[in-house]
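Q: need coordinates for the following:
(chains A and B)
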Amino acid sequence: MKVIKYCLNIAFIAFCLLLTKHANADGIVVDKVYHPYVLPFEREFEWRLVSHQTDSGNILAQRLGGGGAISDTIAVEGFIVGERDDNGDFGLKAYEIELRWQLIEQGKLWADWGALFELEKKHNEDVYEATSGFVLEKEFGKTSLTMNAFLVYEWGQDIQNEWETEFRAQYRYRYRSAFQPAVEVYVGEDFFGIGPGFIGLYRFEGQKQLKWEAGFITEVSQSEKNHSFRLALEFEF
Amino acid sequence: MTKRLFNQFICCLLFLSFNAASKEYLIILKDHLFYPSQIIIPTNQKVKLLIENQDSTPEEFDSFDLNREKVLYPNRKSIIYIGPLSKGRYDFFGEFSPNTARGVVIATDKGDQNVDN
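A: Numbers count the residues shown, from 1 in each chain, chains lettered A, B, ... in the order given. Below you'll find the model as predicted:
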């Protein structure tokens, strides 16, 4: 067990160092910062929206999904992704399946660990994308730092095969259940975005609860306009 | 210089990673009530809550204050790691019986007096 913990630490640190030097991902990097926790009975519906504004126009991406835990530590979720391009055409863009794996009991180690695996297929195109990576969360009193480090591989007849990397981070103040302000960072190819966000939760009866997240991310490494607004709603039951 | 600082940072991370919880506090969940419902722990120390669910139905331990959620299977013991906490009161409850299954962790400088039914 100690060897596994040691390897996890080394792997994540090495990966983060690599990413901070060579973060490299096209497309929209701003999406969601994942947390490394899975609850055994969790089932959820999720809707995400990202509005990406640049000098050349606006791209709106929406993602609708559902899924749940299949074991004490693993959850699976399926998504359909829709996107509106610069011409105003909104349509089905991709399908995605996502697996989250909680690796360590929360609070047991210095930080909490998880892993994420995603497989995406573009609609009507021979383009595939596989993502894998680590998810880490560390508590500092009333605040929590969450970091995601992903390695992405794209392949298919309609795309040039390539490796990409992404880094996401969220530093959140657990002020109240319904309002937790945060700062978020997203790093990808020619993209370093930072901005405010907030997370909230409203509890209904039993296990039913609604979580919301929003963020406004501004790209700061380029001079052109590049803003992203993200919104996510998760209904757990 | 930078390399040396980085190496020290790595060593520090690894040391902290293996710094496991020490003290253990047993809590019984019976008839949708936590016994004891008040647990006194020392400040600035990581501790283990060992919760034995003696009911025939599952429960979900939930605490925004402690930043923990955990399913408590029936007739099983579950471990919840909490802390290090600063001085204060940290409420918790059972999501399936929020009106009865309630408790509080109190972190004090004296610590370790445990219990109050």
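Q: tell me the residue of chain A that sits nearest chain B?
A: Using CB to the nearest CB, the single residue of chain A nearest to chain B is residue A:107, 3.2 Å away. C-beta coordinates here come from the backbone N, C-alpha and C atoms, glycine included.
Q: any idea how far residue B:67 is from the residue lying closest to that residue once chain neighbours are set aside?
A: What sits nearest to residue A:107 in space, not counting adjacent residues and going by CB to CB, 6 or more residues apart in numbering or on different chains, is residue B:81, at 3.2 Å. With distances taken as CB to CB, to the nearest Å, residue B:81 is found 11 Å from residue B:67.
Q: of the two, which one has the most company?
A: Applying other CB atoms under 10 Å in any protein chain shown to residue B:81 and residue B:67 shows that residue B:81 carries more neighbours, namely 20 against 15.
Q: and stretch A:215-228, how far out from the chain's middle?
A: Using CA atoms, centre = their mean, to the nearest Å, the distance from the centre of stretch A:215-228 to the centre of the chain it belongs to is 18 Å.
Q: before we move on, what about stretch A:197-212?
A: For stretch A:197-212, the separation from the chain centroid amounts to 18 Å (computed by CA atoms, centre = their mean).
Q: pull out the buried residues from that stretch.
A: Judged by neighbour count using 16 or more other CB atoms under 10 Å in any protein chain shown, the buried positions of stretch A:197-212 are A:197-201, A:203, A:207, A:209, A:211.
Q: tell me where chain B has strands.
A: Under the criterion DSSP state E, strands of chain B are mapped to B:24-30, B:33-35, B:38-42, B:47-53, B:59-63, B:68-72, B:76-82, B:88-94, B:102-108.
Q: pLDDT below threshold where in the chain?
A: All of this is about chain A. In the predicted model, chain A carries pLDDT under 70 at residues A:1-27, A:86.
Q: that's the wrong chain, I meant chain B
A: Per-residue confidence of chain B (counting by pLDDT under 70) places the weak regions at B:1-22, B:111-117.
Q: quick one on the thing from earlier: surely the residue nearest to residue A:107 and residue A:112 touch.
A: No. Counting by CB atoms under 8 Å, no contact exists between residue B:81 and residue A:112, whose distance comes to 9.7 Å.
Q: what is in contact with these two at once?
A: Both residue B:81 and residue A:112 are in contact with residue A:106, where contact means CB atoms under 8 Å, 6 or more residues apart in numbering or on different chains.
Q: quick one: contacts for the closest residue to chain A within chain B?
A: For chain B, the residue closest to chain A is residue B:81, as judged by CB to the nearest CB, at 3.2 Å. Shown here is residue B:81, whose contacts under the criterion CB under 8 Å, 6+ apart are A:105-108, B:21, B:46-49.
Q: any idea how far the most centrally placed residue in chain A lies from residue A:147?
A: With distances taken as CA atoms, centre = their mean, chain A has residue A:32 as the residue nearest its mean C-alpha position (3.3 Å). In this structure, residue A:32 lies at 13 Å from residue A:147, with CB to CB as the measure.
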